[in-house]
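>>> Coordinates for the following, if possible.
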Amino acid sequence: MAYEKLREIRNKKGVTARDMADLLGLMTEAAYYKKETGIIKFSIEEAKLVSNRLETPIDEVFFADEVSAKETHEDNNQAPTGTEG
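As a prediction, the model looks like this:
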């Protein structure tokens, strides 16, 4: 699933797919699920609405997969500078 963290947070907070569909102005839960599974992308405006509804920073909801600085530099064939967090 594309947005597993989103679904996890939504479920923990007791927010239904219907709630999210209504929030985003979608006609059906199926339309919302297409977004949550990544078939259809969220716009930045939609991402902000979702983040606010879930009371969770947007980066925690949509950018949960963290990559270490070392991996990033290796992918770019660059040496780490030693200042990575």
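
>>> Every contact and neighbour count from this point should use C-alpha atoms.
Will do.

>>> Please identify the buried residues of whichever strand or helix holds residue 7?
Element membership for residue 7 (DSSP states H and E) is helix 4-12. Across helix 4-12, burial judged by 16 or more other Cα atoms under 10 Å covers 4, 5, 6, 7, 9, 10.

>>> For residue 7, see how far away the most centrally placed residue in the chain is.
Ranked by distance to the mean C-alpha position of the chain (Cα atoms, centre = their mean), the top residue is residue 62 at 1.8 Å. Per Cα to Cα, to the nearest Å, residue 62 is found 10 Å from residue 7.

>>> cool, residue 28 as well?
17 Å.

>>> what does residue 57 give?
For residue 57 relative to residue 7 (Cα to Cα), the value is 14 Å.

>>> nearest residue to residue 32 other than its sequence neighbours?
Using Cα to Cα, 6 or more residues apart in numbering and skipping residues adjacent in sequence, the residue nearest residue 32 is residue 21, 5.3 Å away.

>>> before we move on, which element is the one you found in?
Judged by DSSP H and E, residue 21 forms part of helix 17-24.

>>> what's that helix packed up against?
Under the contact criterion of 3 or more Cα pairs under 8 Å, 6 or more residues apart in numbering; DSSP states H and E, helix 17-24 touches helix 29-36, helix 44-54.

>>> for the protein, which spans come out with low pLDDT?
1, 64-85 (pLDDT under 70).
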